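Mind folding the following:
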Amino acid sequence: MIYTVTFNPAIDYVLEVEDFNLGNVNRSKDSYKYPGGKGINISRVLNILETDNQALGFIGGFTGEYINNYLRELGIQTDFISVEGDTRINVKLKSGKETEINAPGPNISERDLEALFNQIDQLKSKDFLVLAGNVQKTLPRDIYSRIQARCMDKDIKVVVDTTGEALISTIKNKPFLIKPNHHELSQIFDVEIEDREQAIIYSKKLLELGAQNIIVSMGGEGAVLVSQEGIYYGEAPKGIVRNSVGAGDSLIAGFLAKYSQSKDTIESFRWGIAAGSATAFSMDLCSKEEVENLVKSINIKKIN
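This next block holds a predicted model:
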């Protein structure tokens, strides 16, 4: 089973405004809302790709109930922990350029954390655990690393998708997969990474530090996979980018959907790129048909 953890979910409220005018009344031509948060996005795409998974994390108030009900109606298993306060609402304003306003979210208490730890302790050998997204500032920066430590003796494959110190602290625990984009990789090493060759150099350093598989996404420039099996480059398919939200999450979901069935790292990389691209070409997350159509066009090259 694949489990996703989202510490700080959100309702993403999308407003499309034809010509946004700051300081005046603006009327949207369209609006919609859906559950957000990296782990939740991964659960949704796994579900789209007909891969069983369970969404874990923290929700609160009427907004939290909306997320829980939405996911269950899609057929996704959930076991969220209820906390005090309301799950946040993030506003995505689409008017030519895309503008985001992200709220902070509720606090997580020690009691809430213990409840999550108890859930993690029930996972079994061969399960996958996805730790995705940033955590509230009131929590320890090494919280993902602490969760990893509870999994290390059980052969649980832990996937980490976060940034900065929170990501760095997990490397020593040998995560199965991490997925920084090239900007996030630059931040880790305090350098400017501008091309594929540089991305490979610094990904190899993460491999040496303990990460088992590193996928660096570079938008329209494709992605690189640095793993114990070798170094591979995947070209991004051609298409019109309509949505930047959830593409990286979809890449992880596509990878895991295929890997959980085949254990083939390279083919899983191909499916990851297809899912990430399909979401980028959509207004929301990808569809199964779109992913399957794009997979045929993804060219993977072995570099080393």
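
can you list the weak-confidence ranges in the protein?
Within the chain, no stretch has pLDDT under 70.

Which residue of it lies farthest from its centroid?
Distance to the chain centre peaks in the chain at residue 24, reaching 35.4 Å (criterion: CA atoms, centre = their mean).

quick one: it and residue 227, what's the gap?
Relative to residue 227, residue 24 is positioned 52 Å away (CB to CB, to the nearest Å). Where you see a C-beta, it was placed from the backbone N, CA and C, and this is true even at glycine.

Also residue 112?
Residue 112 is 35 Å from residue 227, by CB to CB.

got the phi/psi numbers for residue 36?
phi -120, psi 170 (degrees, to the nearest 10).

ok, now which ones touch the residue nearest in space to the middle of the chain?
Nearest to the mean C-alpha position of the chain, by CA atoms, centre = their mean, lies residue 249 at 3.2 Å. Neighbouring residues of residue 249 by CB atoms under 8 Å, 6 or more residues apart in numbering: 38, 41, 42, 45, 132, 161, 279.

The first one: how many residues sit nearby?
Taking other CB atoms under 10 Å as the neighbour definition, residue 38 ends up with a count of 24.

ditto for the fifth one
Summarising burial for residue 132: neighbours were counted as other CB under 10 Å, giving 26.

In CSV: the contacts of residue 249, plus secondary structure and distance to residue 140.
Output for those, formatted as CSV (DSSP: H, G, I helix; E, B strand; the rest coil; distance: CB to CB, whole Å):
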residue, secondary structure, distance to residue 140
38, helix, 19
41, helix, 24
42, helix, 23
45, helix, 29
132, strand, 17
161, strand, 18
279, helix, 31
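
Among these, which one lies nearest to residue 171?
residue 161 (13.3 Å; CB to CB).

check contacts around the closest one.
38, 130, 131, 132, 133, 178, 179, 248, 249, 252.

Just the ones of those residues in helices?
38, 248, 249, 252 (DSSP state H).

The first one: what's it in contact with?
Yep, that's residue 38 we're talking about. Counting by CB under 8 Å, 6+ apart, residue 38 has contacts 6, 132, 133, 161, 248, 249.

Which two of those residues have the greatest separation?
Longest span within the contacts of residue 38, CB to CB: 6 and 248, 14.3 Å.

Got the phi and psi for the residue farthest from the centre of the chain?
phi -120, psi 170.

Tell me the spacing between it and residue 14.
20 Å.

Equivalent analysis for residue 175, please.
Distance from residue 175 to residue 14, by CB to CB: 32 Å.

Which one of those two is surrounded by more residues?
residue 175 (26 against 22).

what sits opposite the nearest residue to residue 207 once chain neighbours are set aside in the beta ladder?
Leaving aside its sequence neighbours, residue 207 sits nearest to residue 226 (CB to CB, 6 or more residues apart in numbering; 5.5 Å). Beta-bridge partners for residue 226, by DSSP bridges, are residue 214, residue 231.

in this protein, which spans are helices?
Counting by DSSP H, the helices of the chain are 38-48, 61-74, 110-120, 143-149, 164-171, 182-189, 196-209, 247-262, 265-280, 288-295.

As TSV, the ones you listed with distance to residue 86 would be great.
Formatted as TSV, the helices of the chain follow (distance: least, CB to CB, whole Å):
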stretch	distance to residue 86
helix 38-48	16
helix 61-74	3
helix 110-120	15
helix 143-149	22
helix 164-171	24
helix 182-189	29
helix 196-209	37
helix 247-262	23
helix 265-280	27
helix 288-295	33
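
which one of those helices lies closest to residue 29?
helix 265-280 (22.3 Å).

show me what contacts the residue nearest to residue 123 when sequence neighbours are not counted?
Take residue 123 and drop its neighbours on the chain: the residue closest to it by CB to CB, 6+ apart is residue 156, 5.4 Å away. Contacts for residue 156 (CB under 8 Å, 6+ apart) come out as 123, 124, 125, 126, 127, 128, 129.
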